[in-house]
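Trainee: Sequence isn't available, so here's the structure alone:
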């Protein structure tokens, strides 16, 4: 009997036979032999894993360099001199008033009998030319303008168009900053389009009202009894003193000159119907030597 850990000289041949047989047959003899047999497989798997990771890193690095090179080589975006369209839609009434009010003028006309009329005008050129309703300044012996910044100036009638009740005035003194109104296209107006009227009704300076286009191509009796044709009908409130003021579309462009209101009574106050000469007709009839700026 063999005790583990002991060596018997007489059995050495048998032991060698067993060892040789075990090695020859590939049978594991102890733990060291098992580990040595499994080692090569683990090593191959480890090498394959490292190679895969390295390949992935190379791919990621190549992608990053490609993207970096593309963005670095692309020209930087340049600011545009042309403003982008506003995403907020058309301007509000407050914004329209802020933009147009500097172009609006108060007019006081004195007559030979000592009486007077008051009305409104709008600056239509950088030279300070003011457009208004003719009946405001007709037969006046003196005309005085008050600009939005408070500048006051005498003025003379430069041109007159009785057919459309339109006149232009040339001031003697201009404000430090002249702000002409932006002229629009009345031919694009449609019934229901929003409009804004800015003027000096009943002496209330720079009053603003809103409404819509109520009708187009209307006919109305002028102050001198003549029929005015092709008028814009609107329902933004106007009253005595509003005559000559701008009728402004929803984009802040002047599309008409206020000339009349309809009232079947003798009160002469607003009941919901006002009229304006389209700006194209006003320019053609009373533009003077220089047409208003577009």
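Mentor: Perfect, thanks for sending it. Remember, predicted model here, so these are calculated numbers, not experimental data. Numbers count the residues shown, from 1 in each chain.

Trainee: per-domain residue ranges of this protein.
Mentor: For the chain, automatic domain parsing gives the domain ranges 93-171, 186-280.

Trainee: got a markdown table for those domains, with distance to residue 178 too?
Mentor: Every residue, glycine included, has its C-beta placed from N, CA and C. Listed next are the domains of the chain as a markdown table, based on distance: least, C-beta to C-beta, whole Å:
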| stretch | distance to residue 178 |
| --- | --- |
| domain 93-171 | 5 |
| domain 186-280 | 15 |
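
Trainee: Specify the next element, helix or strand, located C-terminal of the lengthiest strand in the chain.
Mentor: What stands out as the longest strand in the chain, according to DSSP state E, is strand 207-221. Downstream of strand 207-221, the first helix or strand assigned by DSSP states H and E is strand 227-234.

Trainee: Which elements pack onto that next one?
Mentor: The contact analysis (3 or more C-beta pairs under 8 Å, 6 or more residues apart in numbering; DSSP states H and E) places strand 227-234 against strand 207-221, strand 254-261, strand 274-278.

Trainee: Of all the ones you listed, which one comes closest to residue 137?
Mentor: Nearest to residue 137 among the helices and strands packed on strand 227-234 is strand 254-261 (12.8 Å), distances taken as C-beta to C-beta.

Trainee: quick one: the closest one to strand 227-234, angle?
Mentor: Strand 254-261 and strand 227-234 are oriented at 110 degrees to each other (axes from the mean of the first three to the mean of the last three C-alpha atoms, to 10 degrees).

Trainee: quick check: angle from strand 254-261 to strand 207-221?
Mentor: Strand 254-261 runs at 70 degrees relative to strand 207-221, counting by the same axes, to 10 degrees.

Trainee: what angle sits between strand 254-261 and strand 274-278?
Mentor: Angle of strand 254-261 versus strand 274-278, following the same axes, to 10 degrees, is 140 degrees.

Trainee: So for strand 254-261, mean pLDDT?
Mentor: Mean pLDDT, computed over strand 254-261, is 96.

Trainee: same for that strand, what does it pack against?
Mentor: By 3+ C-beta pairs under 8 Å, 6+ apart, strand 254-261 packs against strand 116-123, strand 130-133, strand 194-199, strand 227-234, strand 246-249, strand 274-278, helix 279-286.

Trainee: Can you list the low-confidence ranges for this protein?
Mentor: 1-48, 50-51, 53, 55, 57-87, 286-294 (pLDDT under 70).

Trainee: Residue 137: how many residues sit nearby?
Mentor: Number of residues near residue 137 (other C-beta atoms under 10 Å) recorded here: 27.

Trainee: what do you get for residue 194?
Mentor: For residue 194, the neighbour count with other C-beta under 10 Å is 17.

Trainee: can you pull the contacts of it?
Mentor: For residue 194, the contact set (C-beta atoms under 8 Å, 6 or more residues apart in numbering) comprises 210, 211, 212, 249, 250.

Trainee: Residue 108 too?
Mentor: Going by C-beta under 8 Å, 6+ apart, residue 108 touches 116, 117, 118, 143, 144, 146.

Trainee: what's the answer for residue 261, then?
Mentor: Each residue near residue 261 by C-beta under 8 Å, 6+ apart is listed here: 238, 239, 242, 268, 269, 270, 271, 273, 274, 275.

Trainee: Specify the local secondary structure of the fifth one.
Mentor: In terms of secondary structure, residue 269 is coil; the call rests on DSSP: H, G, I helix; E, B strand; the rest coil.

Trainee: Residue 202 versus that one, what's the distance?
Mentor: To residue 202, residue 269 is 9 Å away according to C-beta to C-beta, to the nearest Å.

Trainee: can you check residue 151 too?
Mentor: From residue 151 over to residue 202 the distance is 23 Å, taken as C-beta to C-beta.
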